[in-house]
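Undergrad: kindly return the folded structure for what I paste below:
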Amino acid sequence: MKIVSSARAIVFLAAAALISVPVIAATGIFATEQAASGACGADEVVWVDLDHGRFYHKAQASYAKSGNGGYACMKTAHAQYREAHD
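TA: Next up, the predicted model:
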């Protein structure tokens with residue numbers, strides 16, 4: 001019985017992982033700076049303020065300050081949002 005439960009849990013987690021990947025790829029927004037950094041490679045990681053449709057560079061005071069936002073690669077953010085000027 002434990003083996004069946006464990007197998008079901010593994011299948012469920014694998015399916016959940018496969019479903020979540022396209023969502024991240026489609027939006028380009030990451031919950032953590034580390035996740036964005038891994039996906040962006042050499043591209044700069046920026047903070048996107050989703051409420052205002054702007055993105056901030058790490059050196060700017062508003063970087064990672066808004067409640068409704070996330071991290072993104074600079075190229076992706078530049079194509080979808082306006083660059084903020086503090």
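
Undergrad: any stretches of this protein with poor pLDDT?
TA: Across the chain, the ranges flagged by pLDDT under 70 are 1-26.

Undergrad: helices of that one, residue ranges please.
TA: Using DSSP state H, the helices of the chain run over residues 2-27, 33-40, 74-80.

Undergrad: mind listing residues that contact the second one?
TA: Among residues not part of helix 33-40, those counted as contacts by C-beta atoms under 8 Å, 6 or more residues apart in numbering are 24, 30, 45, 64, 70-74. Just so you know, the C-beta spots here come from the backbone N, C-alpha and C atoms, and that holds for glycine as well.

Undergrad: let's see that with 10 Å instead.
TA: With C-beta atoms under 10 Å, 6 or more residues apart in numbering as the test, helix 33-40 has contacts from 24-25, 28-30, 32, 43-48, 58, 63-64, 70-77.

Undergrad: residues of that helix that come out buried?
TA: Using 16 or more other C-beta atoms under 10 Å as the test for burial, helix 33-40 gives 33, 36, 39-40.

Undergrad: got the contact list for His52?
TA: Counting by C-beta under 10 Å, 6+ apart, His52 touches 62, 66, 68-69, 81-82, 84.

Undergrad: redo the residues you listed as CSV? Include neighbour count and distance to Gly53.
TA: Below are the contacts of His52 laid out as CSV (neighbours: other C-beta atoms under 10 Å; distance: C-beta to C-beta, whole Å):
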residue, neighbour count, distance to Gly53
Ser62, 16, 13
Ser66, 16, 11
Asn68, 9, 11
Gly69, 20, 10
Tyr81, 19, 5
Arg82, 12, 6
Ala84, 18, 10
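
Undergrad: now for those: which two are most distant?
TA: Greatest spacing in these, by C-beta to C-beta: Asn68 and Arg82 (15.9 Å).

Undergrad: residues near the closest residue to Gly28 other than its chain neighbours, how many?
TA: Closest residue in space to Gly28, ignoring its immediate chain neighbours: Thr76 at 3.9 Å, by C-beta to C-beta, 6 or more residues apart in numbering. Neighbourhood size, Thr76 [other C-beta atoms under 10 Å]: 20.

Undergrad: what about Thr76, distance to Asp51?
TA: 18 Å (C-beta to C-beta, to the nearest Å).
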